[in-house]
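Q: The following block contains a protein sequence and its predicted model.
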Amino acid sequence: MIKNVKIIGLGLMGANLGINLVNKGLNVYGEDINPDVEKRAEKFGINIKSNAEKYDLTILSMPINNIISFLSKEHEIDKSELIIDIGGTKESICDLMDNSNIPAIGGHPMCGLADNTNWEPHPEMYKNATFLLCETNSTDDKAREIASAFINILDCKEVWIDRKKHDEILSITSHLPHLISSALVGIAKKDYEIEEIMGLAAGGFDGATRLTRTNPEMIIDMYNSNSKNINNFLTALIEEISSLMSLQEKNELIDYLTSSVEWRRALSDKFGERPLS
């Protein structure tokens, strides 16, 4: 069902998606605004200088604001049977896809690396990852079939979710943690030299600030396109911390921390611990 795939945007996610598909025997065609990135992708079997007469699938793998800008303009992508984006927020993108003249689906593979400023080949990055999909008004049965076949090729887990629910949940599981990570670094670097911090830091600081390595432009796009949900949960977080600080009795604090520990351990027992990168 899928033979020719076009990928627009060859950063960490797009390039490794392309390498994965090339390794599976598909014809992959790519483009990027950076010629050096295109040359590098070409070394891994992604076609840059040639095009197919027809694409079974076009993947939009740019920053969120670029995807929104792309979908807001007329483009010659009518040669494709389906468009899927892989941006980190979905409502604003899917709202534009509702009016697409070809079938379109909002997508979000739950994988990647914290440091996404430069990419190295990680062809197994998508393997066993959950791939979230959001239906749009332009999604038809054939589009669903192509999307399912695509995710099966990647060895991902297919999960369909409402666009609003996606952005609401991701704001607390992904977007807010990025801001918390940056805020913790902000506190640390205000009063201490980096040598002082790292001389007394271990897994706690490393784990809590890992996400600060992410490309700032990606975080800004994420915030701009999901600010309402992020702000709601940020307010809730501040209230939660204030409540925690107001606990007067030792037993109250123990009960609070014990409840959190039990919840987190139950999560690990049910779903396992995922490796961090």
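A: Looks like it arrived, so ask away. Residues are numbered from 1 along each chain as shown.
Q: Can you spell out the domain ranges of the chain, please?
A: Using automatic domain parsing, the domain ranges for the chain come out as 4-161, 165-246.
Q: Could you tell me whether residue 106 really is in a strand?
A: Yes: inclusion of residue 106 in a strand is indicated when DSSP: H, G, I helix; E, B strand; the rest coil is applied.
Q: Could you report the separation of it from residue 89?
A: Distance, residue 106 to residue 89, using Cβ to Cβ, to the nearest Å: 9 Å. The C-beta positions use only the backbone N, C-alpha and C, and glycine is treated the same way.
Q: picking up where we left off before, okay, the domains of the chain in TSV with mean pLDDT, mean neighbour count and distance to residue 263 next?
A: Formatted as TSV, the domains of the chain follow (pLDDT from 0 to 100; neighbours: other Cβ atoms under 10 Å; distance: least, Cβ to Cβ, whole Å):
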stretch	mean pLDDT	mean neighbour count	distance to residue 263
domain 4-161	93	18	21
domain 165-246	93	15	13
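Q: closest one to residue 265 among those domains?
A: Taking Cβ to Cβ, domain 165-246 is the member of these nearest to residue 265, at 16.3 Å.
Q: ends of that closest one, how far apart?
A: The first and last residues of domain 165-246 sit 32 Å apart, counting by Cα to Cα, to the nearest Å.
Q: same deal with stretch 160-176?
A: The distance separating the two terminal residues of stretch 160-176, taken as Cα to Cα, comes to 23 Å.
Q: Name the residues that touch it?
A: Applying Cβ atoms under 8 Å, 6 or more residues apart in numbering, the set of residues contacting stretch 160-176 from outside is 88-91, 94-95, 106, 108, 132-136, 222-223, 226, 229-230, 232-234, 237.
Q: ditto for stretch 211-219
A: Stretch 211-219 is contacted from outside by 63-64, 88, 114-117, 177-179, 181-182, 184-185, using Cβ under 8 Å, 6+ apart.
Q: first to last residue in that stretch, what's the distance?
A: From its first residue to its last, stretch 211-219 covers 10 Å (Cα to Cα).
Q: where's it relative to the chain centroid, distance-wise?
A: Relative to the centre of its chain, stretch 211-219 is centred 11 Å away, using Cα atoms, centre = their mean, to the nearest Å.
Q: likewise stretch 7-18?
A: Distance of stretch 7-18 from the chain centroid (Cα atoms, centre = their mean) equals 12 Å.
Q: With stretch 55-73 instead?
A: Computed by Cα atoms, centre = their mean, the separation of stretch 55-73 from the middle of its chain amounts to 14 Å.
Q: what's the answer for stretch 237-247, then?
A: 30 Å.
Q: which residues are contacting it?
A: Among residues not part of stretch 237-247, those counted as contacts by Cβ under 8 Å, 6+ apart are 176, 180, 253, 256.
Q: Mind doing that once more with 10 Å?
A: For stretch 237-247, the surrounding residues in contact (Cβ atoms under 10 Å, 6 or more residues apart in numbering) are 172, 176, 179-180, 233, 252-257, 260.
Q: And for stretch 63-73?
A: Stretch 63-73 is contacted from outside by 8-9, 11, 33, 60-62, 77, 83, 85-90, 92-97, 99-100, 104, 106, 215, 217-218, 220-226, using Cβ under 10 Å, 6+ apart.
Q: Which members of those occur in strands, if any?
A: With strands defined by DSSP state E, the entries of the contacts of stretch 63-73 inside them are 8, 60, 83, 85, 104, 106.
Q: Quick check: residue 117 vs residue 217, distance?
A: According to Cβ to Cβ, residue 117 and residue 217 sit 10 Å apart.
Q: still on that earlier bit, now the domains of the chain as JSON lines including distance to residue 273?
A: What follows is the domains of the chain, written out as JSON lines (distance: least, Cβ to Cβ, whole Å):
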{"stretch": "domain 4-161", "distance to residue 273": "14"}
{"stretch": "domain 165-246", "distance to residue 273": "12"}
